[in-house]
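Peer 1: Next one to model:
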Amino acid sequence: MMDFFASLYGYGDWGLLVLRLAVAAIFLVHGKAKFAYWKPGAQTQMPGMMKFLSIAETAGGLAMLFGFLSQLAAVGLGIVMLGAIKMKIFNWQLPFADTAKNGWEFDIIILAACITLFFFGPGALSLDRLWFGL
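Peer 2: Numbering: from 1, shown residues only. Next up, the predicted model:
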């Protein structure tokens, strides 16, 4: 039985690919949604920040998708998630988890994924490995 679990270590690069793709999907969807703030008359309390996030989240999502400058993207996206967590806790005073509201438990797991990708890198199935040998 232990041999089976030990053999799974050989698939770590596939696990990192799946993690990267999940992070990419989340940030690409959320970044794309924020492009609506570029339209004249868009209502938000932070128009400049939303415009910045539309670019940062989309660029970070693309970096994760292709595994290009992944660790740098992980740092940037992690900072975005720290900002989101801070906003939810202190400004909106949302609970960690609540069935009636979106808490910040989702943000914590995305932050954890970014931290993991920062320390482990993008894996062999990435442009970083192909171009930089990382």
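Peer 1: so what's the residue nearest to the spatial centre of the chain up against?
Peer 2: In the chain, the C-alpha nearest the mean C-alpha coordinate belongs to Val23, at 4.3 Å (Cα atoms, centre = their mean). Shown in contact with Val23 (Cβ atoms under 8 Å, 6 or more residues apart in numbering): 61, 64, 77, 110, 113-114, 117. C-beta coordinates here come from the backbone N, C-alpha and C atoms, glycine included.
Peer 1: Restrict the helix or strand where it lies to CA atoms and write it as PDB.
Peer 2: Assigned by DSSP states H and E, Val23 falls within helix 12-34. Below are the C-alpha coordinates for helix 12-34, written out as PDB (Å, rounded to 0.1, in the frame of the first residue of the first chain):
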ATOM      1  CA  GLY A  12       4.000  16.100  -8.700                       C
ATOM      2  CA  ASP A  13       4.400  18.100 -11.900                       C
ATOM      3  CA  TRP A  14       0.900  17.100 -12.900                       C
ATOM      4  CA  GLY A  15      -0.400  18.200  -9.500                       C
ATOM      5  CA  LEU A  16       1.300  21.600 -10.000                       C
ATOM      6  CA  LEU A  17      -0.200  21.900 -13.400                       C
ATOM      7  CA  VAL A  18      -3.700  21.300 -12.100                       C
ATOM      8  CA  LEU A  19      -3.100  23.800  -9.300                       C
ATOM      9  CA  ARG A  20      -1.800  26.400 -11.800                       C
ATOM     10  CA  LEU A  21      -4.800  25.800 -14.100                       C
ATOM     11  CA  ALA A  22      -7.300  26.200 -11.300                       C
ATOM     12  CA  VAL A  23      -5.600  29.500 -10.100                       C
ATOM     13  CA  ALA A  24      -5.500  30.700 -13.700                       C
ATOM     14  CA  ALA A  25      -9.200  30.000 -14.200                       C
ATOM     15  CA  ILE A  26     -10.200  31.900 -11.100                       C
ATOM     16  CA  PHE A  27      -8.100  35.000 -11.900                       C
ATOM     17  CA  LEU A  28      -9.000  35.000 -15.600                       C
ATOM     18  CA  VAL A  29     -12.700  35.000 -14.800                       C
ATOM     19  CA  HIS A  30     -12.500  37.600 -12.000                       C
ATOM     20  CA  GLY A  31     -10.100  39.800 -14.000                       C
ATOM     21  CA  LYS A  32     -12.300  39.700 -17.000                       C
ATOM     22  CA  ALA A  33     -15.300  40.700 -15.000                       C
ATOM     23  CA  LYS A  34     -13.500  43.800 -13.700                       C
END
